[in-house]
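J.: Generate a structure from the sequence data that follows.
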Amino acid sequence: MDILGATLRVCVDDLEAAVPFYERLAGGTALRFERGGVQVAAVGCFLLMSGPQAELEVLRKVAATIAVTDVEEAHKVLSEMGAHIVAGPLPTPAGRNLIAMHPDGMIYEYVDRQA
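T.: Purely as a prediction, here's the structure:
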């Protein structure tokens with residue numbers, strides 16, 4: 001399994017107010033989408049999320065988003081290493097993802113950019 005990088009997950013109250021700051025900080029334009037009632041803006045290494053508090057409470061439990069070359073391979077490797085697969089692999093607007101709890105209790109999202 002190849003890890004390509006990690007994205008920091010940031011829950012914000014006002015996405016429209018937060019995006020310009022992070023665009024300037026990261027030197028790029030945010031890619032925006034909506035998922036499950038949560039508005040999302042990806043800019044640089046930041047994933048900004050805003051929406052209903054109940055949804056954000058769940059999202060806050062995920063420590064980071066880790067980009068990999070292939071989520072199916074990540075699923076296999078993580079399972080073999082004793083991680084608990086909480087959800088996925090599932091299609092997303094940007095590829096596929098899965099949520100895994102590592103043996104130490106930390107929860108991460110793994111994503112790829114596959115069709």
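J.: Whichever strand or helix holds Y108 pairs with which strands?
T.: Assigned by DSSP states H and E, Y108 belongs to strand 107-112. Strand pairing for strand 107-112, determined by DSSP bridges: strand 64-68 (parallel), strand 95-101 (antiparallel).
J.: Need those strands in a markdown table (columns: distance to V58 and mean neighbour count).
T.: Backbone N, C-alpha and C define where each C-beta goes, glycine included. Shown next, in a markdown table, are those (distance: least, CB to CB, whole Å; neighbours: other CB atoms under 10 Å):
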| stretch | distance to V58 | mean neighbour count |
| --- | --- | --- |
| strand 64-68 | 14 | 19 |
| strand 95-101 | 10 | 20 |
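J.: how about JSON lines for the ones you listed, with mean pLDDT and distance to A83 added?
T.: Shown next, in JSON lines, are the strands paired with strand 107-112 (pLDDT from 0 to 100; distance: least, CB to CB, whole Å):
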{"stretch": "strand 64-68", "mean pLDDT": "93", "distance to A83": "12"}
{"stretch": "strand 95-101", "mean pLDDT": "93", "distance to A83": "5"}
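J.: want to throw those into a markdown table with distance to V10?
T.: A markdown table is the format used below for these (distance: least, CB to CB, whole Å):
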| stretch | distance to V10 |
| --- | --- |
| strand 64-68 | 11 |
| strand 95-101 | 18 |
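J.: Between these, which one is closest to C45.
T.: Checking the strands paired with strand 107-112 against C45 by CB to CB gives strand 64-68 as the closest, at 9.6 Å.
J.: so after that closest one, what's the next helix or strand?
T.: Immediately after strand 64-68, counting by DSSP H and E, sits helix 71-80.
J.: Would you map the helices across the chain?
T.: Here the chain has its helices, by DSSP state H, at 15-26, 53-59, 71-80.
J.: which one of these has the lowest average pLDDT?
T.: Least confident of these, judged by mean pLDDT, is helix 53-59 with a mean of 88.
J.: contacting residues around stretch 4-22?
T.: 30, 39, 41-50, 56, 59-60, 62-69, 109 (CB atoms under 8 Å, 6 or more residues apart in numbering).
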